[in-house]
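Student: compute the structure for the input listed below.
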Amino acid sequence: MRRRVSVSLGAACLAALGLASAAAGSTVDENKLAQRYAPVVKLVKQTEECGRGEPYEPIDVDALFHEPTVALRGPWGRDLVKIAPSARDLSPQRYEYHLDFPGDALDPGCGYERWGRRVAKGTSPTVYAHVAADPSFPGKLALQYWFYYVFNDWNNTHEGDWEMIQLDFDASNASDALAGRPVSVGYSQHEGAERATWGDEKLELVDRTHPVVHPAAGSHANFYDEALFLGSQGSEGVGCDDTRGPTREIRPIVRTIPSDPAEARGAFPWIGFEGRWGELQKAFFNGPTGPNLKAQWTEPIRTSEDWRERSIGVPAGGAFGTGATDFFCGAVAAGSNALRRSLGHLPGAILTLLVLVVLIAVALSRATWRPATPFRLARRRAWGQVLAASARMYVKRLPLVLGIGLLALPISVIVTVADSLLLRTSSVFGVETEGGTGGVVVFVVVALGTALTLFGLGLVMAATARALAEIDRGRKIGPLEAYRMSLHGSGPLLVALTIASIVVSLLFTTVFLVPIAIWLAVRWALIAPVIELEGTGAIAGLRRSRRLVRHGWLKVASLGAAGAILALALGPLLGAALILLTNVPLAWLNLVAGIVYTLTMPFVALATVYVYFDMRVRDELSTNVESVELPAEIQLA
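Tutor: I've put the predicted structure just below:
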């Protein structure tokens with residue numbers, strides 16, 4: 001009996017040793033596989049603190065443990081559980097607990113960037129490899145690399161950020177995978193991922209086995225190349241991801257998490273954590289859950305079936321007007337920032353919005369809109385009458401107005417090409433953008449580019465002013481004739497706009513001078529009709545515009561803002577809506593936005609001409625000569 005027991009115990013021990021040996025062999029193969037395909041990461045280079053670029057690297061999460069600035073808090077709020085938690089404190093029993101870093105995710109400032117550097121000091125960038133099979137797909141194997149960043153500084157700012165890439169093999173285990181090569185690769189991008197077959201042209205490899213990953217600045221969504229990428233739904237992220245260079249290359253250390261759950265928890269106690277790796281916040285500003293709670297951790301092949309085949313690179317802005325994609329990227333970022341700030345001060349934000357709506361409604365209701373007759377030109381008009389007369393003139397002379405707008409297309413193309421050549425020339429001569437003489441040269445080049453862009457709009461205003469003046473005199477005029485007659489003032493107009501652009505741009509470089517820049521920009525808003533209709537030179541045109549606006553600055557500014565909203569925002573706003581609601585190619589959306597912009601430009605020009613005549617009449621009817629004596633108001637005895 002004892003012999004049988006001894007034999008049984010011996011067999012059990014041998015079996016256990018065999019299983020342990022097999023497990024050890026499996027772990028060794030998994031680590032070999034992970035090292036063979038270790039990713040190369042190219043982060044967007046950051047040239048100055050808190051400036052453009054990516055300040056965060058994928059870190060070794062052990063740097064967070066025993067760190068006195070990190071807290072573990074409970075799921076019921078901000079109640080403190082432990083300061084400087086260890087990896088074992090993040091046990092599976094900590095359901096919906098969360099780590100909390102110093103700072104406010106809704107108002108990050110530069111604090112997380114500085115804290116991230118402090119925490120990661122003395123450690124090396126790290127990725128965590130995980131080899132996983134999928135029970136629903138026998139004969140398939142996934143190799144995952146998980147990246148952890150301490151902060152997500154994108155539209156949805158939040159503490160902590162887990163990202164991953166995945167390589168799929170036609171293999172049953174790591175040993176078989178070592179004998180072959182991957183079939184496909186997936187790069188995580190927000191709630192989804194993008195696929196590439198192994199050997200795909202878009203998949204960049206180093207030494208034939210190491211995939212190159214381009215994390216987007218701030219969001220850390222992973223892409224295959226350098227570009228500006230647009231997402232219009234949850235799986236893609238709503239907004240624009242920027243991976244454009246210059247970049248810096250890092251090769252993170254690979255630490256392999258065993259596929260056996262018990263062994264994984266023994267080597268990496270934090271892997272069983274069922275809480276959040278960042279501050280508890282509202283909605284998508286909340287810290288993320290860890291890899292073990294993601295579907296791809298246990299079902300890697302099934303989730304890979306939902307990978308997209310490509311990401312949408314944002315095309316350059318249209319050849320005329322503003323691009324729908326540019327507007328979309330900026331609008332989403334601005335809206336996200338506004339939402340983020342309002343969450344921290346929700347009652348005040350709601351009250352401010354209500355007050356703003358009421359003020360606008362009251363202002364519009366009290367504005368004088370009639371009579372809205374477009375002629376005669378040389379008369380004073382109230383704020384509402386300027387817009388009403390412009391709208392009536394637009395409809396009444398639609399062929400002329402549309403003709404002026406459509407003829408602006410080739411002009412805008414020429415101006416855009418000249419602008420791009422000017423900027424390209426600056427790089428050909430090796431001009432640097434940071435400090436010194438190079439910075440001044442680039443500043444001047446950009447200011448000249450701005451002047452050229454405004455020049456296209458200025459020509460439309462000049463042609464519109466000439467057409468209105470001729471019609472007011474009872475003469476017939478067409479779009480071509482209007483442009484031909486306005487060309488005599490194109491030289492002074494370009495010089496005046498260049499001077500104005502340089503001065504205003506200089507003032508905008510200092511925050512304290514921004515109000516002066518805005519004040520001057522409005523004072524010079526009537527340059528085009530002044531030069532066209534009064535035949536002045538560049539300097540005289542600047543002075544004349546300043547004189548005309550001096551007693552009606554607020555009126556000119558508000559009408560200019562209304563026109564800008566109509567012309568500059570209507571087309572891109574329509575394009576942005578189409579981005580969210582349709583699958584129309586982005587290049588076509590930019591074309592739609594550009595056409596709408598082209599058709600609304602003449603309306604802005606009409607309003608500018610009407611406000612010019614309003615200011616001119618007021619100026620010429622004002623009494624500028626001081627009386628020698630004042631008339632008596634009572635009789636003296």
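Student: which residues in the stretch 201-350 of the chain form helices?
Tutor: Residue ranges of the helices in the stretch 201-350 of the chain, as given by DSSP state H, counting those that start in this stretch, are 261-267, 295-298, 300-304, 324-344, 346-366.
Student: and the fourth one, what's its mean pLDDT?
Tutor: What it means is helix 324-344. On average, the pLDDT along helix 324-344 is 68.
Student: also the first one?
Tutor: The average of the pLDDT scores along helix 261-267 is 93.
Student: in that helix, which residues are buried?
Tutor: By 16 or more other Cβ atoms under 10 Å, the buried positions in helix 261-267 come out as 264-265. Quick note: C-beta positions are derived from backbone N, CA and C, even for glycine.
Student: in JSON lines: the helices of the stretch 201-350 of the chain, plus distance to residue 164.
Tutor: Below are the helices of the stretch 201-350 of the chain laid out as JSON lines (distance: least, Cβ to Cβ, whole Å):
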{"stretch": "helix 261-267", "distance to residue 164": "16"}
{"stretch": "helix 295-298", "distance to residue 164": "7"}
{"stretch": "helix 300-304", "distance to residue 164": "10"}
{"stretch": "helix 324-344", "distance to residue 164": "24"}
{"stretch": "helix 346-366", "distance to residue 164": "34"}
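Student: deepest in the core, which of those is it.
Tutor: Of all these, helix 300-304 carries the top mean neighbour count, a mean of 20, counting by mean count of other Cβ atoms under 10 Å.
Student: can you give the distance of that one from its chain's centre?
Tutor: Put simply, helix 300-304 sits 30 Å off its chain's centre (Cα atoms, centre = their mean, to the nearest Å).
Student: output that helix as CSV, nothing but the C-alphas.
Tutor: Output in CSV follows, covering the C-alpha atoms of helix 300-304 (Å, rounded to 0.1, in the frame of the first residue of the first chain):
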residue,chain,number,x,y,z
PRO,A,300,-7.5,39.3,-29.3
ILE,A,301,-8.4,37.6,-32.6
ARG,A,302,-12.1,38.4,-32.4
THR,A,303,-11.5,42.0,-31.7
SER,A,304,-9.0,42.3,-34.5
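Student: packing partners of that helix?
Tutor: Under the contact criterion of 3 or more Cβ pairs under 8 Å, 6 or more residues apart in numbering; DSSP states H and E, helix 300-304 touches strand 141-152, strand 158-169, helix 295-298.
Student: same question for it, mean pLDDT?
Tutor: Across helix 300-304, pLDDT averages out at 95.
Student: coming back round to it: ranking the helices and strands packed on helix 300-304 by mean pLDDT, which is last?
Tutor: If you rank these by mean pLDDT, helix 295-298 sits at the bottom with a mean of 93.
Student: so can I have JSON lines of the helices and strands packed on helix 300-304 showing distance to residue 622?
Tutor: Shown next, in JSON lines, are those (distance: least, Cβ to Cβ, whole Å):
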{"stretch": "strand 141-152", "distance to residue 622": "58"}
{"stretch": "strand 158-169", "distance to residue 622": "58"}
{"stretch": "helix 295-298", "distance to residue 622": "73"}
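Student: tell me which of these lies nearest to residue 186.
Tutor: Closest of those to residue 186 is strand 158-169, at 4.6 Å (criterion: Cβ to Cβ).
Student: list the helices and strands the closest one packs on?
Tutor: So strand 158-169, by 3+ Cβ pairs under 8 Å, 6+ apart, packs with strand 98-100, strand 141-152, strand 184-189, strand 210-215, strand 222-223, helix 300-304.
Student: buried sites along the helix or strand residue 540 falls within?
Tutor: Residue 540 belongs to helix 538-549 when elements are defined using DSSP states H and E. For helix 538-549, burial by neighbour count (16+ other Cβ under 10 Å) applies to 538, 541-542, 544-546, 548-549.
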